[in-house]
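Peer 1: what's the 3D shape of this:
(one chain, ligands or ions: 1)
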Amino acid sequence: MPRAVRFDHYGGPEVLQVVEVPRPIPGPGKVLVRVKAAGINPGEASIRKGLMADRWPATFPSGQGSDLAGVVEEVGPEVANVAVRDEVIGFVNNRSSQADYVLVEAGNLVPRPANVSWEQAGALFVAGTTAYAAVRAVALSEGDTVVISGAAGGVGSIAVQLARATGARVLGLAGSANHKWLTDHGIIPVTYGDGAEDRIRAASGGKVDAFIDTFGGGYVELAIKLGVAPNRIDTIIDFAAAAKYGVKTDGNQAGASAEVLAQLAGMVAAGRLEIPIAKVYPLADVRDAYRELEQRHTQGKIVLEP
Ligand SMILES: NC(=O)c1ccc[n+]([C@@H]2O[C@H](COP(=O)([O-])OP(=O)(O)OC[C@H]3O[C@@H](n4cnc5c(N)ncnc54)[C@H](OP(=O)(O)O)[C@@H]3O)[C@@H](O)[C@H]2O)c1
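Peer 2: Coordinates of the predicted model:
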């Protein structure tokens, strides 16, 4: 029997179970994909803990996961863009990709370029489209200086590279273990914590034009203090500060589309974008995967492989 991740009440990683489920049957416009890799994201942990119950409640039993890459196993009626055995990257909006098989809207699938690894392909959707939207929101151009918090995390590691590709100077807030990776990608690393404001001022020469916050906990306030205009600040997590200061919140919803996914996959294939893979866990170890993610020190992405 195929397996899928399920949970039937809110709680910590221990509520996650891998259970046997019937193989889904694709209806009109749907495609059955055999999952090769599925990235995991902090938002899924927040939903599972019930922290988003007012915005995005769970219905039980709930599945989990939006990101996926895999092989087309079966196509439903009225599907013209993919065929059985195609290798694809995609996404679902109904929390179901962490499974052996997933049903996907045909329009949410793009081809997997041959030289994009399964892990990178399966990790691309949420973090990639979020980073894309956040970078677009702050309208960077050559000569700008942008600061990015959580610079080596899932979203941040992609955002710093997309920001750098605009020609902007990019300062990345990260722990020292990530400084070499940032430097190797043309980013100026800045250590977070006490004194970060002074270190940013020193590293930027006092001119900061834009700020992308992927961590929360006071970075919007810091950006305002640094003199960044609210319309050039984007946070993907601190919605209270966004409402208070009138800054942008473009994230996954603003960037999510097959077109953006295909564009990002093309950049990876061309060697212009790296998706760092911190660790790959078997699907059966989904609890351990989230325990690691919830430490909030992942460099890049954690991926599940059925
Ligand atoms: N709005 C949306 O559409 C959207 C979409 C995706 C994600 N999100 C949210 O965005 C956040 C980031 O997601 P993610 O997938 O990138 O998470 P992640 O991969 O877990 O990123 C964690 C990163 O945070 C860094 N970090 C830890 N403590 C820090 C501190 N005090 N200051 C600055 N950085 C610190 C870590 O850096 P070090 O290892 O260097 O310590 C690590 O690189 C999550 O809260 C997630 O829920 C929102």
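Peer 1: and stretch 242-258, what's its mean pLDDT?
Peer 2: Averaged over stretch 242-258, pLDDT sits at 98.
Peer 1: which residues touch it?
Peer 2: Residues outside stretch 242-258 that contact it (CB atoms under 8 Å, 6 or more residues apart in numbering) are 43, 90-91, 107-110, 125-126, 128-134, 136-138, 220-221, 223-224, 230-231, 233-236, 239, 241. Where you see a C-beta, it was placed from the backbone N, CA and C, and this is true even at glycine.
Peer 1: hmm, 7 Å instead?
Peer 2: Outside stretch 242-258, the residues within contact range by CB atoms under 7 Å, 6 or more residues apart in numbering are 91, 107-108, 110, 126, 129-130, 132-134, 136-137, 220, 224, 230-231, 233-236, 239.
Peer 1: ok, now how distant is residue 179 from residue 249?
Peer 2: Per CB to CB, to the nearest Å, residue 179 is found 28 Å from residue 249.
Peer 1: from the contacts of stretch 242-258, which ones fall inside strands?
Peer 2: 91, 110, 233-235 (DSSP state E).
Peer 1: ok, and the most crowded of those?
Peer 2: Counting neighbours by other CB atoms under 10 Å, the top entry in these is residue 234, with 29 neighbours.
Peer 1: hang on, the earlier thing: would you point out the most distant pair within the ones in strands among the contacts of stretch 242-258?
Peer 2: The span of the ones in strands among the contacts of stretch 242-258, defined through CB to CB, is set by 110 and 233 at 30.8 Å.
Peer 1: given the helix or strand containing residue 69, what are its sheet partners and their directions?
Peer 2: Residue 69 is part of strand 67-75, with elements assigned from DSSP states H and E. Strand 67-75 pairs in its sheet with strand 30-39 (antiparallel), strand 87-91 (antiparallel), by DSSP bridges.
Peer 1: let's have these in CSV, adding mean pLDDT and distance to residue 245.
Peer 2: CSV is the format used below for those (pLDDT from 0 to 100; distance: least, CB to CB, whole Å):
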stretch, mean pLDDT, distance to residue 245
strand 30-39, 98, 31
strand 87-91, 98, 31
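Peer 1: dump the ones you listed into JSON lines; add distance to residue 259 as well.
Peer 2: Below are those laid out as JSON lines (distance: least, CB to CB, whole Å):
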{"stretch": "strand 30-39", "distance to residue 259": "18"}
{"stretch": "strand 87-91", "distance to residue 259": "12"}
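Peer 1: identify whichever of these lies nearest to the ligand.
Peer 2: Using CB to the nearest ligand atom as the measure, strand 30-39 is the one of the strands paired with strand 67-75 that comes nearest the ligand, at 8.9 Å.
Peer 1: beyond the closest one, next helix or strand please.
Peer 2: By DSSP H and E, the next helix or strand past strand 30-39 is helix 42-49.
Peer 1: so how far is that following helix from its chain's centroid?
Peer 2: Put simply, helix 42-49 sits 13 Å off its chain's centre (CA atoms, centre = their mean, to the nearest Å).
Peer 1: same thing with stretch 60-74?
Peer 2: 16 Å.
Peer 1: what residues are up against the closest residue to residue 53 other than its chain neighbours?
Peer 2: With sequence-adjacent residues excluded and distances taken as CB to CB, 6 or more residues apart in numbering, residue 53 is closest to residue 10, at 7.3 Å. Going by CB under 7 Å, 6+ apart, residue 10 touches 48-50, 58.
Peer 1: didn't residue 58 look like it was pressed against residue 44?
Peer 2: No: if you go by CB atoms under 7 Å, residue 58 and residue 44 don't touch, sitting 10.3 Å apart.
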